[in-house]
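**Student:** The sequence and its predicted three-dimensional model are supplied below.
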Amino acid sequence: MADFERAREESVAPTTQTAETVEPADNQAATGQSAELTGQAPEQDPQAAQAEEAREAERVAAARKGWEALLGEKLGGKAFELIREHVSFTDLTGYAKQGTKALADLAKAPFSEGKTFSAQDAKALNALAAAFAPELQKLADKWLEGDSGQRVFTAISEWIEESPGAVTAIAASLGALAIGAAIVAILQDADPPAIEQMFEVAKGLKIGGKLDLASIKNFAVESAELSMSYSAGGFSARLGGSTKQTADGQQLAATAGVGYKGKGFETSANASWDEKNGLTGDASISGGVKREGFEASADAKWDSEKGLTAGAKVAGQGGTDKFKGDYLADIRVDEEGRTQVMFKGGIGAVINDLPAELRAGLTHATGGGKDDATKIEASMKLGDAGNEQTVTGTLDPQTGAFTLTFDRKAYDGALTLQQGLQGDGKGGVQTTQSLDYKIGDGLHLTAGEQTGPQGTQRNVGLDFTTGAFKNSFDLEMKDAVTRMSLGTQATMGDFNLKGNAGLNLDDGRLEQLGLSLGWRDPNAFKSATLQYKLQWQQDNAEYAHHFEAAFEHSIGKWDGRVTGNVDFQGGDLKSAGIDGLAGYRIADRWRVLGGGSLASSNAGGQQSTSAGVRAGIQFNNIAVTFGVEKTFGGDTQTGFRLEIPLGR
């Protein structure tokens, strides 16, 4: 019997808030660099434009003199040119956008399982972070492209040009701050992220490295890697070395490899060494030709630990409108020296305006310290798709095991009749028969029988629709027991009804029962669900009853959900609980959340009661809370969890 589950609320479609336009300030002194952003200069009369250009030239000349006076004519002039080249408005905006993208990428999964967060905590927090990260980048980029961002970066660019003394002082201060931050990290013995970089020093030549410190304080190296790679045309080569701290001490390793890839040909060789396994390597070569209707290929690979593998394949196909054929031959040798040969092929033709197809295949494996194995398979098909007849069979000459299946389709695939015969090679034979018939959209009939050494099993099924109700009927006879299952469900307006039952006809016992009534307002966050489940417990010879209810409601900016459940078995209360979650909408896509729970259980005669409170936030349809749960007379647990979102 299928369990009833309350339908998950529809996800709230993200909405985009329109930011208020920032009015430009009256002071537009940075005309040149504002034009760099927009591509258009403000319209001015010729005399005003000439005066503006003269003022800008005077400003640039004065700025250059300031840098030359501080650093000397040659060095100061060069520094000013570099600043003019790399600290323009456009450059600053570009640097900032790179930063917002990096920030958004970092924010997608900033939490990981460890000492601080459990796997459930990290999953909940990362889900919220991933939902908000794109919005963070959009908001930042929108500000950068707006009038406010233009004015800020234009002012920064001009101030840097005109204030050499302050810039150098700030640079020194930033260096001091960086050193100070490093000192704090050392004192706290922080675990820094791995540093990884790759540089292209020449065309096709790249050199890179990676350093992972386990501790800044002790400069303990967790691992370090250095690599170099080169590629030109179809040729490639790589060389690398690494060291890694393990439980057995520092382990050194080195790798090298070369390869070539051309049209229809590819080869490679690799070698690696480490202190634990010594020297290992592998080499491979492959090639082939491909033409219309024909393909041939061969390959070989040697591995110092596994040995040699090799193989070859030839395949082809062709024909006319009335006749076609295809074939495949494949041979392969594995690391253990076992050889497998496979041949497959088929022909197709049109006989009396009906398509016909005949296929056959042979697979044989030998060697490698194992018994020989052979499999023969064949099939024949006649008729158009949806109205065809098919016969398939397989045979194992070594064991005598076989399968034989007759399959017939009719009424464009609506009716399928199947008969099967299967032998295990030891005298055991199993037969199967089945029928599958779909009559329109409202009736589906299935029936089947399986007979073998374990006995006979029969089943009949019927799915049918009556008005708004979709119904099902199943009858199964298995292991000398006959069971019947009934089910129905319907949606009528805003209401949803479900019911099913399972009966043991031999014992005259109701084994399963499920009832569900649900209501949902399509235009508001309002719903109610009532459920009841009954299950016969064979081991205890008694019934288990489960009651569950859920209510959702919205008033103004407040949304709430309350759920409760009660479980009885054999007349005794086994468990009960109630949980509530409320949210207050502070913006279109933001809610603050708060909730609580109370639960009681009786397992093995031990009564246990717990209570919890939690709070959190919801962004779009991702809701995360942090809570504290206290078991009276027991432990206190804390953690994050994902909630079913509130609102629609």
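**Tutor:** Structure's in. What do you need?

**Student:** Quick check: closest non-adjacent residue to Leu308.
**Tutor:** Excluding its sequence neighbours, the residue lying closest to Leu308 (CB to CB, 6 or more residues apart in numbering) is Trp302, at 4.9 Å. (C-beta placed from N, C-alpha, C; glycine too.)

**Student:** Give the buried residues for the host helix or strand of that neighbour.
**Tutor:** Here Trp302 sits within strand 294-303, counting by DSSP states H and E. By neighbour count on 16 or more other CB atoms under 10 Å, the buried set for strand 294-303 is Ser297, Asp299, Ala300, Lys301, Trp302.

**Student:** count of neighbours near Gln618?
**Tutor:** 25 (other CB atoms under 10 Å).

**Student:** Alpha carbons of the strand holding Trp302, in CSV - could you do that?
**Tutor:** This file holds the C-alpha atoms of strand 294-303, laid out as CSV (Å, rounded to 0.1, in the frame of the first residue of the first chain):
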residue,chain,number,x,y,z
PHE,A,294,32.7,0.7,-42.0
GLU,A,295,34.8,1.1,-38.9
ALA,A,296,37.8,-0.7,-37.6
SER,A,297,39.9,0.0,-34.5
ALA,A,298,42.5,-1.6,-32.2
ASP,A,299,44.0,-0.7,-28.8
ALA,A,300,46.4,-1.9,-26.3
LYS,A,301,47.3,-0.8,-22.7
TRP,A,302,50.0,-1.9,-20.4
ASP,A,303,49.9,-1.2,-16.7
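
**Student:** Pull the distance from that strand to the chain's centre.
**Tutor:** Remark: strand 294-303 is offset 34 Å from the chain centroid, using CA atoms, centre = their mean, to the nearest Å.

**Student:** Each with direction, which strands does it pair with?
**Tutor:** Here strand 294-303 is paired, per DSSP bridges, with strand 278-291 (antiparallel), strand 307-319 (antiparallel).

**Student:** who wins for proximity to Tyr543 among the ones you listed?
**Tutor:** strand 307-319 (60.0 Å; CB to CB).

**Student:** and the angle for the helix or strand following the closest one with strand 294-303?
**Tutor:** Helices and strands here follow DSSP H and E; after strand 307-319, the next one along the chain is strand 323-333. Calculated by axes from the mean of the first three to the mean of the last three CA atoms, to 10 degrees, strand 323-333 forms an angle of 10 degrees with strand 294-303.

**Student:** Just checking: what are the partner strands of strand 323-333?
**Tutor:** Under the rule (DSSP bridges), strand 323-333 has strand 307-319 (antiparallel), strand 339-351 (antiparallel) as partners.

**Student:** tell me which residues of that strand are tucked away?
**Tutor:** Neighbour counts over strand 323-333 (16+ other CB under 10 Å) mark Asp326, Leu328, Asp330, Arg332, Val333 as buried.

**Student:** Could you name the helices and strands sitting against the longest strand anywhere in the chain?
**Tutor:** Longest strand of the chain, by residue count under DSSP state E: strand 572-587. Counting by 3 or more CB pairs under 8 Å, 6 or more residues apart in numbering; DSSP states H and E, the packing neighbours recorded for strand 572-587 are strand 558-569, strand 590-603.

**Student:** Give the pairing partners of it; include direction for each.
**Tutor:** strand 558-569 (antiparallel), strand 590-603 (antiparallel).

**Student:** pLDDT on the last one, on average?
**Tutor:** The one in question is strand 590-603. For strand 590-603, mean pLDDT rounds to 92.

**Student:** which outside residues touch that strand?
**Tutor:** Strand 590-603 is contacted by residues 559, 572-586, 607-619, 623, 625, 627, 629, 643, 646-647 when judged by CB atoms under 8 Å, 6 or more residues apart in numbering.

**Student:** Other residues contacting the following helix or strand past it?
**Tutor:** Going down the chain from strand 590-603, the next helix or strand is strand 606-619, by DSSP H and E. Outside strand 606-619, the residues within contact range by CB under 8 Å, 6+ apart are 128, 131-132, 135, 583, 589-602, 623-632, 634, 640-641, 643, 645-647.

**Student:** Any idea how far strand 606-619 is from the middle of the chain?
**Tutor:** On CA atoms, centre = their mean, the centre of strand 606-619 falls 29 Å from the chain's centre.

**Student:** same deal with stretch 226-235?
**Tutor:** For stretch 226-235, the distance to the chain centre is 32 Å (CA atoms, centre = their mean).

**Student:** can I get the CA coordinates of it in PDB?
**Tutor:** Extracted in PDB, the C-alpha atoms of stretch 226-235 (Å, rounded to 0.1, in the frame of the first residue of the first chain):
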ATOM      1  CA  LEU A 226      54.800  21.600  -8.400                       C
ATOM      2  CA  SER A 227      53.900  20.800 -12.000                       C
ATOM      3  CA  MET A 228      54.900  21.600 -15.600                       C
ATOM      4  CA  SER A 229      53.000  20.800 -18.800                       C
ATOM      5  CA  TYR A 230      53.700  21.400 -22.500                       C
ATOM      6  CA  SER A 231      51.500  20.900 -25.500                       C
ATOM      7  CA  ALA A 232      52.100  21.600 -29.200                       C
ATOM      8  CA  GLY A 233      50.100  20.200 -32.100                       C
ATOM      9  CA  GLY A 234      49.200  16.700 -31.000                       C
ATOM     10  CA  PHE A 235      52.100  16.300 -28.700                       C
END
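
**Student:** Which residue ranges of the protein form helices?
**Tutor:** 31-38, 46-71, 73-86, 89-107, 119-145, 147-162, 164-188 (DSSP state H).

**Student:** Would you single out the least confident of the ones you listed?
**Tutor:** helix 31-38 (a mean of 39).

**Student:** my read: Gly367 touches Gln340, true?
**Tutor:** No - Gly367 sits out of contact with Gln340 when judged by CB atoms under 8 Å, with a separation of 9.3 Å.

**Student:** neighbour count winner among these two?
**Tutor:** Gln340 (17 against 13).

**Student:** Give me the distance between the residue of the chain most remote from its centre and Gly583.
**Tutor:** Centroid-distance maximum for the chain: Gln47 at 63.0 Å, with CA atoms, centre = their mean. Using CB to CB, to the nearest Å, Gln47 is found at 63 Å from Gly583.

**Student:** On the strand side of things, show who the closest residue in space to Gly502 that isn't next to it in sequence bridges to.
**Tutor:** Sequence neighbours aside, Gln512 is the residue nearest to Gly502 in space, at 3.6 Å (criterion: CB to CB, 6+ apart). On the basis of DSSP bridges, Gln512 is bridged to Gly502, Gln535.

**Student:** wait, what's in contact with Gln512?
**Tutor:** Per CB under 8 Å, 6+ apart, neighbours of Gln512: Met1, Ser485, Asn500, Ala501, Gly502, Leu534, Gln535, Trp536.
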